[in-house]
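Trainee: Return a 3D structure for these sequence lines:
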Amino acid sequence: MEYDFDFKNSILATSKKIDVIKDSVDMGDVSVEQLLDMLLADGIHIMVIILIAPFLIPVSIPGSSTPFGILIILLELSVLFNKKLVLPKMVSEYTLSEESMNKLFEVLYKAMSYIEKISKPRGNLTKNKVLNKLNSVIIIVLAVLLFLPLPIPFTDFIPAVSILLLSVSCLEDDSYLLILGYIASIFTMGYFASVGYIGVEIIKNVIYYILSFI
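Mentor: Numbering: from 1, shown residues only. The predicted structure follows:
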């Protein structure tokens, strides 16, 4: 299925827009395709915010990492190249239960209650077209990190927070929050680089240890 996007920012505060979306969601199970149809008119950033919600939960919604991570990447690619979004079947048919949807909105309300205490429209960075393209590239990289199957603490949570900051900053026209999002993104990439380095060193040491007995 193909989608065209309205890339204009919402005039509502992000948490109020989430309220409107929650009220518009029918009770019961919701597929990713249905969710996109409901969010289509609200722009790219609010969709990304909804999609990263499962990664902000201490115990993630089962099976959500891969389809949501892929969808975030596809959404940002559609912005980057100004193309229609084509959903793979495995993504469009992924379904969230009513319980999962309630949990998703609950964590978003909690996250937004913190962010909107410090966020307000300021500066002009969020209106810069080059930076908007850069944001899409950064979010794509973070989304790839998001669904890597790593059995290590915070490998879902840290990139999700970075994506949340970048997306909300664009919705709220907040240049300071955008800068904070860049800082969080650099920290995230550094964290994953250190995890990768330590992992490689452990593997090398294990190999050397085994070879010492041969």
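Trainee: rest of the way, CA atoms for contacts and neighbours
Mentor: Fine.
Trainee: now Lys22: how far from Ala160?
Mentor: Applying C-alpha to C-alpha, to the nearest Å, the value for Lys22 to Ala160 is 20 Å.
Trainee: who's more crowded, these two?
Mentor: In terms of neighbours (other C-alpha atoms under 10 Å), Ala160 is the more surrounded of Lys22 and Ala160; the figures are 26 against 14.
Trainee: wouldn't the more buried one be in contact with Leu56 here?
Mentor: Yes - counting by C-alpha atoms under 8 Å, Ala160 touches Leu56, with 6.5 Å between them.
Trainee: Can you list the low-confidence ranges for this structure?
Mentor: 1-13, 24-28, 40-42, 58-64, 199-204, 206, 209-214 (pLDDT under 70).
Trainee: All the strands of it, in order from the start?
Mentor: With DSSP state E as the criterion, the chain has strands at 2-3, 30-31, 85-86, 95-96.
Trainee: So which of those is the most surrounded?
Mentor: strand 95-96 (a mean of 19; mean count of other C-alpha atoms under 10 Å).
Trainee: ok, back up a step: may I see the strands of the chain arranged in a markdown table, with distance to Tyr197 as well?
Mentor: Shown next, in a markdown table, are the strands of the chain (distance: least, C-alpha to C-alpha, whole Å):
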| stretch | distance to Tyr197 |
| --- | --- |
| strand 2-3 | 40 |
| strand 30-31 | 38 |
| strand 85-86 | 35 |
| strand 95-96 | 36 |
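Trainee: Indicate which one of those strands is closest to Leu180.
Mentor: Among these, the nearest to Leu180 by C-alpha to C-alpha is strand 85-86 (28.8 Å).
Trainee: Next up, the contacts around Met189.
Mentor: Leu142 (C-alpha atoms under 8 Å, 6 or more residues apart in numbering).
Trainee: Numbering from 45 from now on, please.
Mentor: In the new count, where the first residue is 45, that last one comes out as Met233.
Trainee: For Phe217, what are phi and psi?
Mentor: Residue 217: Asp, not Phe. With angles defined as degrees, to the nearest 10, Asp217 sits at phi 50, psi 50.
Trainee: Can you tell me how far it is from Ser211?
Mentor: From Asp217 to Ser211 the distance is 10 Å (C-alpha to C-alpha).
Trainee: Also Leu95?
Mentor: Leu95 is 11 Å from Ser211, by C-alpha to C-alpha.
Trainee: need the longest helix for the protein.
Mentor: Looking across the chain with DSSP state H, the single longest helix is helix 219-255.
Trainee: From the chain's centroid, how far away is it?
Mentor: Relative to its chain's centre, helix 219-255 lies at 19 Å (C-alpha atoms, centre = their mean, to the nearest Å).
Trainee: Show me what counts as buried in that helix.
Mentor: Buried residues in helix 219-255, counted by 16 or more other C-alpha atoms under 10 Å: Ser219, Tyr220, Leu221, Leu222, Ile223, Gly225, Tyr226, Ala228, Ser229, Thr232, Met233, Tyr235.
Trainee: How about exporting stretch 114-130 as PDB, limited to the C-alpha atoms?
Mentor: Listed next in PDB are the C-alpha coordinates belonging to stretch 114-130 (Å, rounded to 0.1, in the frame of the first residue of the first chain):
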ATOM      1  CA  ILE A 114      11.500  -0.800   9.700                       C
ATOM      2  CA  LEU A 115       8.500   1.500   9.500                       C
ATOM      3  CA  ILE A 116      10.400   4.400  11.100                       C
ATOM      4  CA  ILE A 117      13.200   3.900   8.500                       C
ATOM      5  CA  LEU A 118      10.700   3.800   5.600                       C
ATOM      6  CA  LEU A 119       8.900   6.900   6.900                       C
ATOM      7  CA  GLU A 120      12.100   8.900   7.100                       C
ATOM      8  CA  LEU A 121      13.300   7.600   3.700                       C
ATOM      9  CA  SER A 122      10.000   8.900   2.300                       C
ATOM     10  CA  VAL A 123      10.800  12.300   3.700                       C
ATOM     11  CA  LEU A 124      14.400  12.300   2.700                       C
ATOM     12  CA  PHE A 125      13.600  11.500  -1.000                       C
ATOM     13  CA  ASN A 126      10.100  12.900  -1.000                       C
ATOM     14  CA  LYS A 127       8.600   9.600  -2.200                       C
ATOM     15  CA  LYS A 128       5.500   7.700  -1.400                       C
ATOM     16  CA  LEU A 129       5.700   5.100   1.400                       C
ATOM     17  CA  VAL A 130       5.300   1.500   0.300                       C
END
